[in-house]
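[1] Give me a model of this one.
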Amino acid sequence: MTYRTMPFFERETFRRVPPAAVLAISIFFHVLFLVVIPLLSGFFYSSRRFERPKTFQLVASPFRPSPSRRVPVTTEARKQRMPQQEKKARPRQLPDPNAPRNRREAQKEKDAARPIRENLDELASILDEIPAPAQVAAVGNFKYHWYLNNVQQKLERYWNPGSENRTVKVIVSFTIHQDGSISEPSIQSGSGNGTLDNLALRAVKLAAPFGKLPPGFADNRLDLNCTLIPTRK
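    This next block holds a predicted model:
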């Protein structure tokens, strides 16, 4: 191993300074920083003490206090109001429907209901006189009337004649199969107007197909006769 040696002039400098001088210099600087500087700073710096603010005493007012006034006190006690009992509401008696009524009141009710009944009877008679635009009848014994009503409603939806003539009618016959499809419709009884007969056949074709036949129906086909009357809906 090689050691690096200090230069010659540095070794000579350390040899010339004696150890006593180094110790004296160290003591001098310690005394300077620890004793002399704190003492000098105490002479130049003086802490301010807290001074209490000056106070003053209030002087009493020269005016005399006003004499106290006596308030008269009534010795009689006020009369207390006694709570009154609330009156209970009596239940209102409803008229007994089974109780016998006067003849005048019964006659008034009959007279008031008479025009209403007359109007209803008149309206019912008018509706009975107006024939349905489509009437469906099954050939044979067919008890499912709801199915016939559905067929009638579909026919009325597409039966729209251009004129109204309740004296004429067209009877169209066709057959409904199990799946709801129909056979080719034919005119069983014509109206005497070829245009009206063609409109009747067209209404049947547009209304088809109908729903499937009822599950309880024994046969797989249903023969129908549809009467179409040119009436306004």
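[2] Outline the domain layout of this protein.
    Taking automatic domain parsing as the domain assignment, the ranges for the chain are 15-40, 134-228.
[3] Pick the most deeply packed of these.
    Greatest average neighbour count among the domains of the chain goes to domain 134-228 (a mean of 15), per mean count of other Cβ atoms under 10 Å. The way it works is simple: take the backbone N, C-alpha and C, and place the C-beta from them, glycine included.
[4] For it, the averaged confidence score.
    Averaging pLDDT along domain 134-228 yields 92.
[5] Please apply the same query to stretch 90-107.
    Confidence over stretch 90-107 (mean pLDDT, whole number) is 65.
[6] Can you give me the end-to-end span of that stretch?
    Using Cα to Cα, to the nearest Å, one end of stretch 90-107 lies 32 Å from the other.
[7] re earlier: looking at the domains of the chain, which is closest to residue 70?
    Minimum separation from residue 70 across the domains of the chain (Cβ to Cβ) falls at domain 15-40, 77.4 Å.
[8] Show me the strands in the protein, by range?
    Using DSSP state E, the strands of the chain run over 134-138, 170-177, 186-189, 221-228.
[9] Make a markdown table out of those and add distance to residue 161.
    As requested, the strands of the chain are exported to a markdown table (distance: least, Cβ to Cβ, whole Å):
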| stretch | distance to residue 161 |
| --- | --- |
| strand 134-138 | 11 |
| strand 170-177 | 9 |
| strand 186-189 | 15 |
| strand 221-228 | 8 |
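[10] now for those strands, which one comes closest to residue 29?
    Nearest of the strands of the chain (Cβ to Cβ): strand 170-177, 130.7 Å.
[11] same for that closest one, what does it pack against?
    For strand 170-177, the contact count by 3 or more Cβ pairs under 8 Å, 6 or more residues apart in numbering; DSSP states H and E identifies strand 186-189, helix 194-207, strand 221-228 as packing neighbours.
[12] Which stretch among the strands of the chain approaches residue 196 most closely?
    Of those, the one closest to residue 196 (Cβ to Cβ) turns out to be strand 170-177, at 6.1 Å.
[13] Only C-alpha atoms, please: export stretch 199-212 in CSV.
    Extracted in CSV, the C-alpha atoms of stretch 199-212 (Å, rounded to 0.1, in the frame of the first residue of the first chain):
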residue,chain,number,x,y,z
LEU,A,199,-120.7,-3.9,-52.2
ALA,A,200,-122.1,-6.7,-50.0
LEU,A,201,-119.8,-9.3,-51.5
ARG,A,202,-116.9,-6.9,-51.1
ALA,A,203,-117.7,-6.3,-47.4
VAL,A,204,-117.7,-10.1,-46.7
LYS,A,205,-114.3,-10.6,-48.4
LEU,A,206,-112.7,-7.7,-46.6
ALA,A,207,-114.0,-8.9,-43.2
ALA,A,208,-112.6,-12.4,-43.7
PRO,A,209,-110.8,-14.3,-42.3
PHE,A,210,-112.7,-14.7,-39.1
GLY,A,211,-111.6,-16.3,-35.9
LYS,A,212,-111.2,-20.1,-35.5
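[14] how about the helices in this structure?
    8-16, 19-31, 37-44, 103-129, 145-158, 194-207 (DSSP state H).
[15] Straight-line length of stretch 151-170, end to end?
    Start-to-end, stretch 151-170 (Cα to Cα) is 16 Å.
[16] so can I have JSON lines of the helices and strands packed on strand 170-177 showing distance to residue 41?
    JSON lines is the format used below for the helices and strands packed on strand 170-177 (distance: least, Cβ to Cβ, whole Å):
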{"stretch": "strand 186-189", "distance to residue 41": "137"}
{"stretch": "helix 194-207", "distance to residue 41": "121"}
{"stretch": "strand 221-228", "distance to residue 41": "129"}
